[in-house]
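Enquirer: The following block contains a protein sequence and its predicted model.
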There are 2 protein chains.
Amino acid sequence: MKRERKREIWDFEHELPEGGGGGQKLILGLDGGATNTICICMPVIPFTLNHSPPVYARAVAGCSNHNSVGETAARETLEQVMAEALSKSRCSRSAVRAVCLAVAGVNHPTDQQRILDWLSDIFPNDVEYFVENDAVAALASGTMGKLHGCVLIAGTGTIAYGYTEDGREARASGAGPILGDWGSGYGIAAKALTAVIRAYDGRGSETMLTNTILHELQLSSPDELIGWTYADPSWARIATLVPIVVSCAEVGDQVANDILLHAVQELASSVKAVVHRLGLCGKDGKDTFPLVMVGNVLEASSGWDIGKEVISCIAKDFPGTHLVRPKVEPAVGAALLAWNYLIEQYQHELSGVGYD
Amino acid sequence: MKRERKREIWDFEHELPEGGGGGQKLILGLDGGATNTICICMPVIPFTLNHSPPVYARAVAGCSNHNSVGETAARETLEQVMAEALSKSRCSRSAVRAVCLAVAGVNHPTDQQRILDWLSDIFPNDVEYFVENDAVAALASGTMGKLHGCVLIAGTGTIAYGYTEDGREARASGAGPILGDWGSGYGIAAKALTAVIRAYDGRGSETMLTNTILHELQLSSPDELIGWTYADPSWARIATLVPIVVSCAEVGDQVANDILLHAVQELASSVKAVVHRLGLCGKDGKDTFPLVMVGNVLEASSGWDIGKEVISCIAKDFPGTHLVRPKVEPAVGAALLAWNYLIEQYQHELSGVGYD
């Protein structure tokens, strides 16, 4: 059954002309967050960093965080999305030179090794693999592949990740909903749902969130929120309520406002912890470093702008914070990471210095 | 496959003599919390409330909260545990006069109706059914079946539930881990795990919880806690860490201490909300009412005693709070509820007044 499925995934390769891809070499860049997984296909051809890197094809699939959907589903999603991107590029796996897979849920060398083992089952022997947390690709999307500075992601999940020029790295948050990612979209929405329950119980202030959320979910009573919440374990489904929290805060609801203020503090504290540990701000705390911000929780809004509040909170401590809004998406950032590594490797080969 | 299983569950009935149970009528009392489900079998014979009610048999199974384990598994567990209790009593289903099923996750009339429909598929037509939240059975276990006063459960989950003498009811909490049951065993343990992650990130104070929890779980780094946490979605598994939090607080760890203090506030506020809404404390706030306390989070401890702190916090607002530690378990409380109803019904029949 599973083999059947696998064969199906790569069926398109039989329809390609011999040596599918006409000799073109490719890099696959993958970005897997708590909601979507995106795979892009980048040709190995020269380009200048002032322009957008060339992208042959792009494919989108669901969540591939093994902590959220389980390992089997995560792998299937990753394989599916890579096959789709290659199929759209009219290239087979033999054209792939490198794969950079940046997925949420990679928290430990054992997570990395498991995915590396599995990738080497799929691709030919001479492919280079890079497996990273999705935050690394998000950072690279803002710095065009250079690992320096800090990135803050806040979508369904949240994480802060940083690198120094000399290769040290640190992270904060990214531990998922049970372990206190309160600045995430999920965290904000879960707090809003909790506020509705508390108001109903008589344990918390009345809030506009009650009617707005019940109306949105077409429920008639806060009691029914309990069944709704546990009917589906997807983190992304809960996080879709964030815009409601923002809209209630914008029209002056105090409970919603407090939830957003708390999220801002949490997000800023994750970044501050990383900057501190890596010393990105220099000894006097004033050095300049890029802060890449990614994810719909941080996207500019005309009313209650979470991203703007986070930046202003961080800049109070670190005036050298240089905000970067990436011009390319994290999946392209992942491909750029692999690209930079290949270039570096090539330069070493040219100079005759071993690189392993 | 499912029918096969079902036949198996009730196989013992064929081995009983004709009219299994020798004409004895029975009541089944079930208590289903976030960790265990307990079913007891009580004969319909007179007894005085000063003595423990007679219990023929007792069976234990896993969690039967449909919000936690899903509906199919919940039903299977409930059927299994009832069959086991009957089998141990050497009685068949035809001996059952009433079933009181008190399970966590019954939050709405639709939850109740679903279970009632399913029960009537299992038992003969003339059985009386009662489906309640598990908190109702816990209250009845402290008041010997009389629904009056308030109960606070704090085990893996937490809920406060109250009844007035004239039949009004109210609840607070019992909304599960996503919806802010911070006083539960799960809530306490999740906060402790979060504290370890925050300390490791540099976002929170150092705490003894780090080494104690890592040692208990045989992990080498806080990074690995993330994988451990999401590897198994069971709420009860997380909640087993509560004794570690208590022991760290007892030797003076500030972070653990703060977590327990917060849990005390949360548990007390749930009770206060119920008492307020029902007016159990009377107009001057000084009326006496029973407060039944159940669950291992509230069990007396020689060191940091969560239950004692909760009571003292509630008694400040409501000096008439009369603490009751039940002498029988909630499953017996469930059976007593059904018993009281049968007695009441019989009295009405005797007096010639219709009772439907």
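Expert: Nice, thanks for sending it over. Numbers count the residues shown, from 1 in each chain, chains lettered A, B, ... in the order given.
Enquirer: how about A:Leu342, what does it touch?
Expert: When contacts are counted by C-beta atoms under 8 Å, 6 or more residues apart in numbering or on different chains, A:Leu342 touches A:27, A:44, A:97-98, A:128. Using the backbone N, CA and C atoms, a C-beta is placed for each residue, glycine as well.
Enquirer: Distance-wise, check the nearest residue to A:Val251 once chain neighbours are set aside relative to chain B.
Expert: Nearest non-adjacent residue to A:Val251, counting by C-beta to C-beta, 6 or more residues apart in numbering or on different chains: A:Met208, 7.2 Å away. With distances taken as C-beta to the nearest C-beta, to the nearest Å, A:Met208 is found 18 Å from chain B.
Enquirer: A:Met208 - how many residues pack around it?
Expert: Neighbours of A:Met208 under the rule other C-beta atoms under 10 Å in any protein chain shown: 17.
Enquirer: Show me the contact partners of the helix or strand hosting A:Ser87.
Expert: Counting by DSSP states H and E, the element that carries A:Ser87 is helix A:71-89. Contacts made with helix A:71-89 from outside it, assessed by C-beta under 8 Å, 6+ apart, are listed as A:5-6, A:9-10, A:12-13, A:21, A:26, A:28, A:30, A:32, A:37-41, A:56-66, A:69, A:92-93, A:95-96, A:99, A:101, A:103, A:105, A:114, A:118, A:122.
Enquirer: tell me which parts of chain A are close to chain B?
Expert: Within reach of chain B by C-beta under 8 Å from any C-beta of the partner chain, chain A has these residues: A:67-68, A:107-108, A:110-111, A:171-180, A:190, A:193-194, A:197-198, A:201-203, A:221, A:223-227, A:229-230, A:233, A:238, A:269-270, A:273-274, A:276-277.
Enquirer: Buried only: go through these for me.
Expert: Buried positions within the residues of chain A next to chain B, assessed by neighbour count (16 or more other C-beta atoms under 10 Å in any protein chain shown), are A:67-68, A:107-108, A:111, A:171-180, A:190, A:193-194, A:197-198, A:201-203, A:223-227, A:229-230, A:238, A:269-270, A:273-274, A:276-277.
Enquirer: can you give me the strands for the stretch 251-356 of chain A?
Expert: A:289-294, A:321-324 (DSSP state E, counting those that start in this stretch).
Enquirer: domain ranges for chain A?
Expert: According to the domain assignment given by automatic domain parsing, chain A is divided into the following structural domains: A:2-16+A:23-144+A:328-350, A:177-324.
Enquirer: Lowest average confidence across these, which one?
Expert: Ranked by mean pLDDT, those bottom out at domain A:2-16+A:23-144+A:328-350, with a mean of 88.
Enquirer: Just the ones of the residues of chain A next to chain B in strands?
Expert: With strands defined by DSSP state E, the entries of the residues of chain A next to chain B inside them are A:171-173.
Enquirer: OK, contacts around the closest residue to A:Gly295 other than its chain neighbours?
Expert: The spatial neighbour of A:Gly295 that comes closest, neighbours along the chain excluded (C-beta to C-beta, 6+ apart), is A:Gly155 at 3.7 Å. Under the criterion of C-beta under 8 Å, 6+ apart, the neighbours of A:Gly155 are A:33-35, A:184-185, A:239, A:294-297.
Enquirer: which non-adjacent residue is nearest A:Ser52?
Expert: Distances taken as C-beta to C-beta, 6+ apart put A:Val328 closest to A:Ser52, at 6.1 Å, once the chain neighbours are dropped.
Enquirer: quick revisit: these two touch, right, the residue nearest to A:Val251 and A:Cys248?
Expert: Yes: here A:Met208 lies in contact with A:Cys248, judged by C-beta atoms under 8 Å, at a distance of 4.7 Å.
Enquirer: Roughly how far does the closest residue to A:His262 other than its chain neighbours sit from A:Ile197?
Expert: In this structure, A:His262 finds its nearest non-sequential neighbour in A:Trp182, 6.6 Å apart by C-beta to C-beta, 6+ apart. A:Trp182 sits at a distance of 17 Å from A:Ile197 (criterion: C-beta to C-beta, to the nearest Å).
Enquirer: who are the neighbours in contact with the closest residue to A:Ala192 other than its chain neighbours?
Expert: Residue nearest to A:Ala192 in three dimensions, not counting chain neighbours: A:Val245, with 4.7 Å by C-beta to C-beta, 6+ apart. Listed by C-beta under 8 Å, 6+ apart, the contact partners of A:Val245 are A:188-189, A:192, A:209, A:256, A:259-260.
Enquirer: Kindly report the same for A:Val297.
Expert: When contacts are counted by C-beta under 8 Å, 6+ apart, A:Val297 touches A:154-155, A:158, A:183-185, A:188, A:242, A:263, A:267, A:306-307.
Enquirer: go again using 7 Å as the cut-off
Expert: A:Val297 makes contact with A:154-155, A:185, A:242, A:306 under the criterion C-beta atoms under 7 Å, 6 or more residues apart in numbering or on different chains.
Enquirer: Then A:Ser64?
Expert: Here A:Ser64 is in contact with A:32, A:37, A:74, A:77-78, A:103 (C-beta under 7 Å, 6+ apart).
Enquirer: now it: how far from chain B?
Expert: Summarising the geometry, the distance separating A:Ser64 from chain B, computed by C-beta to the nearest C-beta, is 14 Å.
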